[in-house]
Structure formats: structure tokens, C-alpha cells
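Engineer: Sequence plus predicted model, see below.
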Amino acid sequence: MATHSIFDTLGDSLKQEALSGIGVMQFPAGQVLFSAGDHCRGLPLVLRGTVKVQMTGVSGHSIVLYRMGADDICTLSIGCLMTGRGYRAEAVVEEDAEAAMIPRPLFDELMGQSARFRLAIMESYGRRLDDLMLLVEEVAFRRMDERLEEWLLARAAKGQRVLTVTHQDVGVELGTAREVVSRLLKELERRHLVRLARGRIELTGLIERSVTL
């Protein structure tokens, strides 16, 4: 049985109907849940694991829009269900995940019959929209070297001394090209803030800096 806080917004009979109308599915890391252009079949609910939603532009560069963990709702799917349009991005499983799908007819019924469900869906949509607006502001108005250093410092502050990531991975996180990331990382290495190896970034000087922040 699916366990997700969104069902707590429903009355007993409607909750029973909803739970009987969905199934729980398992997804391994690396599986694509939906791709750009796909038709939205319903509302995915993440029960366990991590799923990232990313967009790829005509240039071939990708950027992570947001991540979904346990008890999260897919904001992009809400938009697609409300507008009837296809997805504009793709969702990829990062850590083995468990998810449930509320089929579109059931979603429409719950939105129409439960004010609390409808409010919870719109609140979730609004919170994610705020996050996406901050992402747009960051990408549009902040220098990439500042964003990269801040991204690395955030991980150093969590005690992650070595990141097992490629320059392409970092580029997707920040919405820029691998070549840009490589050039900026080389500059950080020259300043003795990181040490680079194939598929690894050692946060040498950044660890010390994060402690003083």
C-alpha cells in the first residue's frame, strides 16, 4: 500500500477509493520515468529513493530543475495534468526508488471532490515554482565561477571531502557546458582549493574554507 502524506488530505471513503486505484512500482537507479514530449498519464508520488528532473536545451546542455525524495510530488506532472500538454523535461531515477501513480481520471476526481487535496496540490506546486524562480535568477544573473564555488562549498560544509562526479555531472547540476566547468575547476586547482583526478574532485582548500564560514 502506498504511504504518502497527500492521502492524509482525503476523507476515509475517498482515501480508500484512491488507495485501491493505484499501485506501487519499483524503479532502479538510471531508469527514465518520463522524457520530454511524453504524454502525462497521471501524478507520480515518490515513496522512497531519489528522482531528478532535468531539462536539455537545443545546445545539448542540461540542467537539473529539481529533485524528488520520499513524500514528494512531481510538480512538472501537476502542470502537465492541468494544461493537457506533454512533458518539457525528463525524470531520471538517481537512487533506487519506489513510487505510486495516481491515474489522470482519479486525479481529476480527487481535485474536484476534495478541497484539502486540491489545496495541498496547489501548495506543493507553488513551493516548487518559488524554487524554480530562484534557479532562473541564479542562472541568469550570477557568475558561473561564483555558482560553482558555492556548489562545492555546500558539499564541503557537509564533510564531503571527495566528490565522485564528472565535470559533465557538475555541468548538468549548474546548467552549463562541461568545458566551462573544466576550465573553472582548473582555476580552483591552481588556487589550491581543489585537487582534480578522473571522475573525482577533492575539496582540499574548500574544506578549510567551509569550516570558517
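Structural biologist: Ah, there it is.
Engineer: Show me this structure divided up by domain.
Structural biologist: 5-113, 140-203 (the TED database).
Engineer: Endpoints of the first one, how far apart?
Structural biologist: It stands for domain 5-113. The first and last residues of domain 5-113 sit 18 Å apart, counting by C-alpha to C-alpha, to the nearest Å.
Engineer: again, but for the last one
Structural biologist: From its first residue to its last, domain 140-203 covers 26 Å (C-alpha to C-alpha).
Engineer: circling back to that earlier point, now tabulate the domains of the chain in a markdown table and tack on mean neighbour count.
Structural biologist: Using the backbone N, CA and C atoms, a C-beta is placed for each residue, glycine as well. Below are the domains of the chain laid out as a markdown table (neighbours: other C-beta atoms under 10 Å):
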| stretch | mean neighbour count |
| --- | --- |
| domain 5-113 | 17 |
| domain 140-203 | 16 |
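Engineer: so can I have CSV of those domains showing mean pLDDT?
Structural biologist: Compiled in CSV, the domains of the chain are given as follows (pLDDT from 0 to 100):
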stretch, mean pLDDT
domain 5-113, 94
domain 140-203, 92
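Engineer: So which of these is nearest Met133?
Structural biologist: domain 140-203 (10.6 Å; C-beta to C-beta).
Engineer: so which of the domains of the chain comes closest to Arg128?
Structural biologist: Set against Arg128 and scored by C-beta to C-beta, the domains of the chain come closest in domain 5-113, at 3.8 Å.
Engineer: I'd like the domains of the chain laid out as CSV, including distance to Arg127.
Structural biologist: Shown next, in CSV, are the domains of the chain (distance: least, C-beta to C-beta, whole Å):
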stretch, distance to Arg127
domain 5-113, 8
domain 140-203, 20
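Engineer: show me where this protein has helices.
Structural biologist: Secondary structure of the chain by DSSP state H: the helices cover 12-20, 75-83, 104-113, 115-141, 144-157, 167-174, 178-190, 204-212.
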